[in-house]
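Trainee: turn this into a model:
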Amino acid sequence: MTDSLRNDAASLRALNHVPVPDVWPLSEFHNAVSTAIEQANSDANLLRDEARRIAATMDLTVDAACAVDTATCHKFGATL
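Mentor: Have a look, this model is predicted:
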């Protein structure tokens, strides 16, 4: 599951800038498109980083659960 999450994070690609002329009457539209693309790319970077952190935390949680399960089995085995 964490491999899938990491693969999804790695597959995020930045949006290319759209060549909107910076001339009247398109100046405001040009600025709005550029700002939106920059924000989307920034959000994608944040999402990628967060997905990697979540995957690492999931791996640690699974490792901890396995360690507890193994320790519990050993304790029960020693008791029986």
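
Trainee: how far does stretch 35-49 sit from the chain's center?
Mentor: Stretch 35-49 sits 11 Å away from the centroid of its parent chain (CA atoms, centre = their mean, to the nearest Å).

Trainee: tell me the average confidence for that stretch?
Mentor: Averaging pLDDT along stretch 35-49 yields 97.

Trainee: residue contacts, residue 22?
Mentor: By CB atoms under 8 Å, 6 or more residues apart in numbering, the contact list for residue 22 reads 30-31. For every residue, glycine as well, the C-beta is placed using N, CA and C.

Trainee: okay, and it sits in which element?
Mentor: If you go by DSSP states H and E, residue 22 is not part of any helix or strand.

Trainee: what's the answer for residue 63, then?
Mentor: Going by DSSP H and E, residue 63 is in helix 27-79.

Trainee: show me what that helix is packed up against.
Mentor: Identification of packing neighbours for helix 27-79 by 3 or more CB pairs under 8 Å, 6 or more residues apart in numbering; DSSP states H and E yields helix 2-11.

Trainee: pLDDT averaged over the helix it packs on - what is it?
Mentor: Per-residue scores along helix 2-11 average to 93.

Trainee: buried set for that helix?
Mentor: Within helix 2-11, the residues that count as buried by 16 or more other CB atoms under 10 Å are 2, 6, 9.

Trainee: okay, those in CSV with distance to residue 27 next?
Mentor: Output for those, formatted as CSV (distance: CB to CB, whole Å):
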residue, distance to residue 27
2, 46
6, 41
9, 36
